[in-house]
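Chemist: okay, structure incoming, though there's no sequence with it:
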Ligand code: SAM
């Protein structure tokens, strides 16, 4: 019997109907030769099903769970006992052309994991379980309270294909809030991801300030060009980052990138 560790965000999926619904919606699962990268396989609720059809690289921080899974799943898996945040993805994925990302994310580092995978060029589809609040931030529209860095960063590079609501009763131990499993598909956007994401971070560095003040505070190299761009497009220079749409950020980037 494996005990759960609250500090590692261990809320295991136990509802078999929900597990089936999720599995049936994961893109590319039945395509031959696809690679799935999973963070936090836990006791294998998703991993057992995925490895029946395709190959999984699973990264689990908890040694006990890793040992448990080694006994449970013998085929189609490369199981690594590591902290995902320490993993060098470039190195790990070197020999693969493209990879699908799957995870019931540990909630205490969900955002950090998302930003890490956003920077990885090879990740095509992202199928992840997130707490409701985070999903609301991802789906948020400009000029709303929840629209921010996460919304812009994700929606620039991914299209949201599906949301599966997952009530808290589907997990053990039961978390305080409901979750959703969302499926994201990579858009065909050819820009320097790392530089663009760093720029978006600067734009939202101080939510209560105007966009230009936020960039000034971040000592952004893009400050003057953004100012030019706003003036050129007759946009109020007091505009805030949360008032700007993803498409407009992309137009702005096209103008300011060096
Ligand atoms: N996939 C399982 C499921 O759906 O039942 C478990 C999901 S549980 C929400 C999150 C998992 O992530 C746990 O197994 C936990 O030990 C693991 N985890 C937490 N922090 C991690 C990290 N930094 N790197 C890798 N795995 C981590």
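Modeler: Thanks, I have the structure now. Please read these numbers as outputs of a predicted model, since none were measured by experiment. Numbers count the residues shown, from 1 in each chain.

Chemist: CA only for contacts and neighbour counts going forward, please
Modeler: OK.

Chemist: from the ligand, how far out is the residue nearest to residue 143 when sequence neighbours are not counted?
Modeler: Distances taken as CA to CA, 6 or more residues apart in numbering put residue 243 closest to residue 143, at 4.8 Å, once the chain neighbours are dropped. Noted for residue 243: a distance of 33 Å to the ligand, by CA to the nearest ligand atom, to the nearest Å.

Chemist: residues near residue 144, how many?
Modeler: When counting by other CA atoms under 10 Å, one arrives at 11 neighbours for residue 144.

Chemist: setting aside sequence neighbours, what's the nearest residue to it?
Modeler: Excluding the flanking residues, the one nearest residue 144 by CA to CA, 6+ apart is residue 242, at 7.5 Å.

Chemist: rewinding a little: surely the residue nearest to residue 143 touches residue 145?
Modeler: No. Between residue 243 and residue 145 there is no contact under CA atoms under 8 Å: 10.2 Å.

Chemist: and residue 62, how far from residue 192?
Modeler: 34 Å (CA to CA, to the nearest Å).

Chemist: show me where the protein has strands.
Modeler: Counting by DSSP state E, the chain has strands at residues 12-13, 35-39, 55-59, 77-80, 99-104, 123-131, 158-166, 171-172, 179-186.

Chemist: the ones you listed into a markdown table, with extra columns for distance to the ligand and mean pLDDT?
Modeler: A markdown table is the format used below for the strands of the chain (distance: least, CA to the nearest ligand atom, whole Å; pLDDT from 0 to 100):
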| stretch | distance to the ligand | mean pLDDT |
| --- | --- | --- |
| strand 12-13 | 3 | 98 |
| strand 35-39 | 5 | 98 |
| strand 55-59 | 5 | 98 |
| strand 77-80 | 9 | 98 |
| strand 99-104 | 5 | 98 |
| strand 123-131 | 8 | 97 |
| strand 158-166 | 12 | 97 |
| strand 171-172 | 7 | 97 |
| strand 179-186 | 10 | 98 |
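
Chemist: which stretch among those strands comes nearest residue 230?
Modeler: With distances scored as CA to CA, the stretch of the strands of the chain nearest to residue 230 is strand 158-166 (25.7 Å).

Chemist: quick one: which of residue 243 and residue 145 has more around it?
Modeler: Neighbour totals were compared for residue 243 and residue 145, and residue 243 leads with 15 against 10 (other CA under 10 Å).

Chemist: and the more buried one, how far from residue 158?
Modeler: 20 Å.

Chemist: check residue 119 too.
Modeler: 12 Å.

Chemist: ok, residue 198 next?
Modeler: Distance of residue 198 to residue 158, computed by CA to CA: 17 Å.

Chemist: out of those two, which sits in the more crowded spot?
Modeler: Neighbours per residue, other CA under 10 Å: of residue 198 and residue 158, the larger number sits with residue 158, 19 against 12.

Chemist: pretty sure the more buried one contacts residue 189?
Modeler: No. The criterion here is CA under 8 Å, and residue 158 misses it with residue 189 at 9.1 Å.

Chemist: and the residue of the stretch 101-250 of the chain nearest the ligand?
Modeler: residue 106 (4.0 Å; CA to the nearest ligand atom).

Chemist: and the closest residue to that residue other than its chain neighbours, how many neighbours?
Modeler: Nearest residue to residue 106 in three dimensions, chain neighbours excluded: residue 9, at 4.5 Å (CA to CA, 6+ apart). Residues lying near residue 9 (other CA under 10 Å) number 18.
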